[in-house]
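K.L.:
Kindly generate the corresponding structure for this input.
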Amino acid sequence: MKIGKYELKVIETGVFGLDGGAMFGIIPKPLWSKFNPADEQNRVTLHARNLLLASDSRKILIDTGIGSDWDEKFKQIYRLDQSELTLSDSLNKLKIKPEDITDVLLTHLHFDHTGGSTFLKNGNWIPTFPNAKYYIQKKHFEWAINPTERDRGSFIQNRFLPLHNEGLLNFIDGEVQFDDEIEFLTINGHTSFQQMIKVHDSSNTVLYCGDLFPFTSHIPIPYVMGYDLQPLVTVQEKKKILPIAIEQNWKLFFEHDPEVIMATVAESQRGFSIDQVFTEMI
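P.N.:
So this is what the prediction gives:
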């Protein structure tokens, strides 16, 4: 897919599992398990899927996936499987080296979105992309370094603090344009000051949803994660975004759906649902 000066490429970084009840909040298991079957420990499958925007002068990565260098306890709890592709594998397939990345746009700092931002070398955590500027909402960073007891486990500080220590972390303040094709949209239901990335030109728009819509099955308004800090805010954010996405024919990019990369949305008397489904970038 080409939008403006950018060619868009999918970057897969691994597959993992999270509790299905937590992923779907108050929705009963007989409903969500039709679309997202659980394993014997009630975990549903998530992809850690990112997006590369490549132009003649820039190579921009949106989120960095779940990363590597996790201990065995973590791998077992989250059923981490990187036997197919890691972040490094996906970039190697495109003949892209870490030093080629010019910018990293982070939706938020939960471990499955920024885990690949650093790696372990000789006992020290260092930035994966040494020549890149990393971008995050300033107020979200302030939240991440002083989270609540409820969401502290989602922030693994060695996956993002080295970026700040090395002077690579750049702060965004609110909804701004990054360049002609890229802008940031802030949302607060899942975590404070998450940013979605809107990539658009005169004919196409892709919205990188982050954790507003982890799966296609989160499109219906009541399907809200138990992980969300402010679920009623998530409901309002979905009610705001979805009609615009329909009216302007946006393609929603799903970071975690195990099968669908992008989809358009439709509305009927029964509510919102996915319409056209894309399993590759076209």
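K.L.:
Thought Pro258 was touching Pro214, still the case?
P.N.:
No. If you go by Cβ atoms under 8 Å, Pro214 and Pro258 don't touch, sitting 10.4 Å apart. In this view, the C-beta of every residue, glycine as well, is placed from N, C-alpha and C.
K.L.:
what's the overlap in contacts for these two?
P.N.:
Common contact partners of Pro214 and Pro258 (Cβ atoms under 8 Å, 6 or more residues apart in numbering): Leu46.
K.L.:
So which of these two has more stuff around it?
P.N.:
Comparing Pro214 with Pro258 by other Cβ atoms under 10 Å, the one with more neighbours is Pro214, at 25 against 16.
K.L.:
How about the contacts made by that one?
P.N.:
Contacts of Pro214 (Cβ under 8 Å, 6+ apart): Met23, Leu46, Met225, Phe254, Glu255, His256, Asp257.
K.L.:
Isn't the fourth one up against Val260?
P.N.:
Yes. Counting by Cβ under 8 Å, Phe254 does reach Val260; the two are 5.6 Å apart.
K.L.:
more crowded one of those two?
P.N.:
Between Phe254 and Val260, counted using other Cβ under 10 Å, Phe254 has the larger neighbour count: 25 against 17.
K.L.:
how near is that one to Phe213?
P.N.:
Shown here: Phe254 relative to Phe213, a distance of 6 Å by Cβ to Cβ, to the nearest Å.
K.L.:
go on, Asn188?
P.N.:
For Asn188, the distance to Phe213 - Cβ to Cβ - is 15 Å.
K.L.:
And His108, by the same measure?
P.N.:
Counting by Cβ to Cβ, the gap from His108 to Phe213 is 14 Å.
K.L.:
Which residue comes closest to the residue nearest the centre of the chain once chain neighbours are left out?
P.N.:
The residue lying closest to the centre of the chain (Cα atoms, centre = their mean) is Gly210, at 3.6 Å. In space, and not counting its chain neighbours, Gly210 is closest to Thr107: 3.6 Å by Cβ to Cβ, 6 or more residues apart in numbering.
K.L.:
Does the one you found touch His113 like I think?
P.N.:
Yes. Using Cβ under 8 Å, Thr107 makes contact with His113 at a distance of 5.6 Å.
K.L.:
Name the residues contacting each of these two.
P.N.:
Joint contacts of Thr107 and His113 (Cβ under 8 Å, 6+ apart) are Asp63, Gly210, Asp211, Glu255.
K.L.:
Can I get the buried part of those as one ChimeraX selection?
P.N.:
In ChimeraX syntax, the buried subset of these is picked out as below (16 or more other Cβ atoms under 10 Å):
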select :63,210,211,255
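K.L.:
buried sites along stretch 61-71?
P.N.:
Result for stretch 61-71 [16+ other Cβ under 10 Å]: buried residues Leu61, Ile62, Asp63, Thr64, Gly65, Ile66, Gly67, Ser68, Trp70.
K.L.:
so what pLDDT did the first one get?
P.N.:
Read it as Leu61. Leu61 is assigned 98 on the pLDDT scale.
K.L.:
need the longest helix for this structure.
P.N.:
Counting by DSSP state H, the longest helix found in the chain is helix 231-247.
K.L.:
Show the subsequent helix or strand relative to the lengthiest strand in the chain.
P.N.:
Longest strand of the chain, by residue count under DSSP state E: strand 6-19. Where DSSP states H and E defines the elements, the next helix or strand beyond strand 6-19 is helix 20-24.
K.L.:
So what's the model's average confidence on whatever helix or strand comes next after that following helix?
P.N.:
The element immediately downstream of helix 20-24 (helix or strand, assigned by DSSP H and E) is helix 29-32. Helix 29-32 shows a mean pLDDT of 98.
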